[in-house]
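Novice: I would like the atomic coordinates for the input below:
(chains A, B, C and D)
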Protein chains: 2
Amino acid sequence: MISEDILRTFHASLATLEKGETLFHYGDSAVYFYIVHHGKIKMANYSDDGREFVQGYFTDGQSFGEPPFFQKSAYPASAIAVEKSSVWKISRENFLKLLKNNFDIHLELTATLSSRLIYKSTMLSELAIEEAEHRLITFMQYFVGNNKTESSKPYKIPLTRQQLADMTGLRVETVIRCIKSLEQKKFLTINSDGKILWKVFQ
Amino acid sequence: MISEDILRTFHASLATLEKGETLFHYGDSAVYFYIVHHGKIKMANYSDDGREFVQGYFTDGQSFGEPPFFQKSAYPASAIAVEKSSVWKISRENFLKLLKNNFDIHLELTATLSSRLIYKSTMLSELAIEEAEHRLITFMQYFVGNNKTESSKPYKIPLTRQQLADMTGLRVETVIRCIKSLEQKKFLTINSDGKILWKVFQ
DNA sequence: TTTCTCTTATGATGTACATCATAATCTTCA
DNA sequence: TGAAGATTATGATGTACATCATAAGAGAAA
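Specialist: Model prediction:
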């Protein structure tokens, strides 16, 4: 988490985005690196026939779009505002200066990249060798581990079946059927509003 | 690339591995970080019914096993020596000291992690929304881009159909059929020894 | 030189998930 | 407040890739 003071020192500027607006497209050369000030941004890839894969969602305080920075390559996915948002943008040069002058921030970045790398490796292996239900369990375990705060009660996963599908390479109907099946197998329960309640001890 | 001098300063030690030997298993808690001194290491995941997914191969000078270091988590995949190898191992503490004292090495690590993150994101999106031939093209493009040195002649990809399958989440037979189809579509040619020759301009 | 294992190859068959169709809520926003 | 668009749901059908079977050549091992 980089303080606003430091951001200003290194000439970060704020940009605002309407809901649905695209910040950058897949393949654009990466000139800026971003931190969400307020709102929600998704990074996603699209196939020729319109299928979507969501690489991740980013909210207040989270940075995104750093990786292509270090080999001056292109963004590997597009960034779209899911809701009205504002983001800090920092140029490559200023960002490198910032890292050079702040070991703690650099280390935090390293940790963030590492954590994302573990997530991607995990999901990649799931998509490559496991089937739908297994994939969903692994994804939800990861998600709950990263978002659940209180430790005793079941966690209500704030994602629709469609969002689960978009992040696991499955289709809505498949996710719906798997979730039903996983409910019968007692991996989770379905709340009265349809949302998934993840059990505590697993 | 970290010099042997610096490695010794931070108490790195050498370990040797026979062909087929396992350095660490998926799920082991990550106490060391490694750099290949000489040989070839693969990181891979295995499903219950024995299917393999290869996350990557690492050779002389390349580091691996860093990500779980920064949140003290477990290795996300197993590391196995593909041939007789020797690796430098550095403890977490010494590694952090090393980063703190060498900005350039830290920045190089950041760049390495970023590059891997882009690779994983790319393959993840491929596995999620693209079909077999597209996946293979993307993988080979990436591979050639990272390994081809001379720029004029077609590049002979030094991987078997089985290795391609293991890295793309496909099965050998599918890879064989796809490669044949891609040959007919002029994306590549098949050498007299069966190896894939990747065309220059694509 | 023989045996074993790996690699490329090809056909027949099976299946997990996608796709298509339809519908009953629920939410959004105009 | 009423229409449009999500969301969850369920059945019927389609298909890309996996699986199984078999084989021929190449290299390694003994």
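Novice: C-alpha from now on. contacts and neighbour counts both.
Specialist: OK.
Novice: Please give the element, helix or strand, for A:Ile6.
Specialist: helix A:4-9 (DSSP states H and E).
Novice: where's the residue positioned nearest the centre of chain A relative to DNA strand C, distance?
Specialist: In chain A, the centroid-proximal residue (C-alpha atoms, centre = their mean) is A:Gly56; its distance is 2.3 Å. Distance from A:Gly56 to DNA strand C, counting by C-alpha to the nearest atom of the strand, to the nearest Å: 18 Å.
Novice: what does A:His106 give?
Specialist: From A:His106 over to DNA strand C (counting by C-alpha to the nearest atom of the strand), the distance is 38 Å.
Novice: SS state for the nearest residue to that residue once chain neighbours are set aside?
Specialist: In space, A:His106 comes closest to A:Leu99 once its chain neighbours are excluded; the distance is 5.1 Å by C-alpha to C-alpha, 6 or more residues apart in numbering or on different chains. Judged by DSSP: H, G, I helix; E, B strand; the rest coil, the three-state class of A:Leu99 is helix.
Novice: buried residues in the helix holding A:Ile6?
Specialist: Residues A:Leu7 are the ones in helix A:4-9 that count as buried (16 or more other C-alpha atoms under 10 Å in any protein chain shown).
Novice: Quickly check: the lengthiest helix in chain A near DNA strand D or not.
Specialist: As assigned by DSSP state H, the longest helix anywhere in chain A is helix A:103-129. No - on the criterion C-alpha under 7 Å from any atom of the strand, helix A:103-129 is out of touch with DNA strand D, staying 8.0 Å away.
Novice: returning to that earlier point: from what I see, the residue nearest to A:His106 and A:Ile105 are in contact.
Specialist: Yes - using C-alpha atoms under 8 Å, A:Leu99 is in contact with A:Ile105, at 6.5 Å.
Novice: Mind jotting down where the strands sit in chain A?
Specialist: Along chain A, counting by DSSP state E, strands occupy A:13-17, A:22-24, A:32-38, A:40-46, A:52-59, A:63-64, A:78-81, A:85-91, A:155-157, A:188-190, A:196-198.
Novice: would you list those in CSV and tack on mean pLDDT and distance to B:Ala74?
Specialist: Below are those laid out as CSV (pLDDT from 0 to 100; distance: least, C-alpha to C-alpha, whole Å):
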stretch, mean pLDDT, distance to B:Ala74
strand A:13-17, 95, 37
strand A:22-24, 96, 34
strand A:32-38, 94, 28
strand A:40-46, 96, 26
strand A:52-59, 97, 22
strand A:63-64, 96, 24
strand A:78-81, 96, 30
strand A:85-91, 95, 33
strand A:155-157, 94, 24
strand A:188-190, 95, 25
strand A:196-198, 95, 23
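Novice: Which of these sits closest to DNA strand D?
Specialist: strand A:188-190 (7.2 Å; C-alpha to the nearest atom of the strand).
Novice: Okay, buried residues for that closest one please.
Specialist: For strand A:188-190, burial by neighbour count (16+ other C-alpha under 10 Å) applies to A:Leu188, A:Thr189.
Novice: if we can go back for a sec, show me what the residue nearest to the centre of chain A bridges to in the sheet.
Specialist: A:Met43 (DSSP bridges).
Novice: OK, contacts around it?
Specialist: A:Lys42, A:Met43, A:Ala44, A:Met167 (C-alpha atoms under 8 Å, 6 or more residues apart in numbering or on different chains).
Novice: do A:Asn94 as well
Specialist: Counting by C-alpha under 8 Å, 6+ apart, A:Asn94 makes contact with A:Phe10, A:His11.
Novice: Just want to check the distance between it and A:Ser152.
Specialist: 44 Å (C-alpha to C-alpha, to the nearest Å).
Novice: and what of A:Phe24?
Specialist: 40 Å.
Novice: Also A:Ser91?
Specialist: A:Ser91 is 43 Å from A:Ser152, by C-alpha to C-alpha.
Novice: The two - which one has more neighbours?
Specialist: Neighbour count, other C-alpha atoms under 10 Å in any protein chain shown: between A:Ser91 and A:Ser152, A:Ser91 has more, with 17 against 10.
Novice: which residue packs closest to the more buried one, ignoring adjacent ones?
Specialist: Nearest to A:Ser91 is A:Tyr32, by C-alpha to C-alpha, 6+ apart, at 4.7 Å.
Novice: doesn't A:Glu93 make contact with that neighbour?
Specialist: No - counting by C-alpha under 8 Å, A:Tyr32 does not reach A:Glu93; the two are 9.4 Å apart.
Novice: Of these two, which one has the most company?
Specialist: Legend: neighbour count by other C-alpha under 10 Å for A:Tyr32 and A:Glu93, higher for A:Tyr32 (20 against 12).
Novice: mind listing what A:Ala44 touches?
Specialist: A:Glu52, A:Phe53, A:Val54, A:Gln55, A:Gly56, A:Ala77, A:Ser78, A:Ala79, A:Ile80.
Novice: do you know how far it is from B:Lys186?
Specialist: 30 Å.
Novice: hang on, the earlier thing: tell me which residues touch the residue nearest to A:Ser91, please.
Specialist: By C-alpha under 8 Å, 6+ apart, the neighbours of A:Tyr32 are A:Gly65, A:Phe69, A:Lys89, A:Ile90, A:Ser91, A:Arg92.
Novice: just those residues now: which is nearest chain B?
Specialist: Taking C-alpha to the nearest C-alpha as the measure, chain B sits nearest to A:Phe69 out of those, at 8.1 Å.
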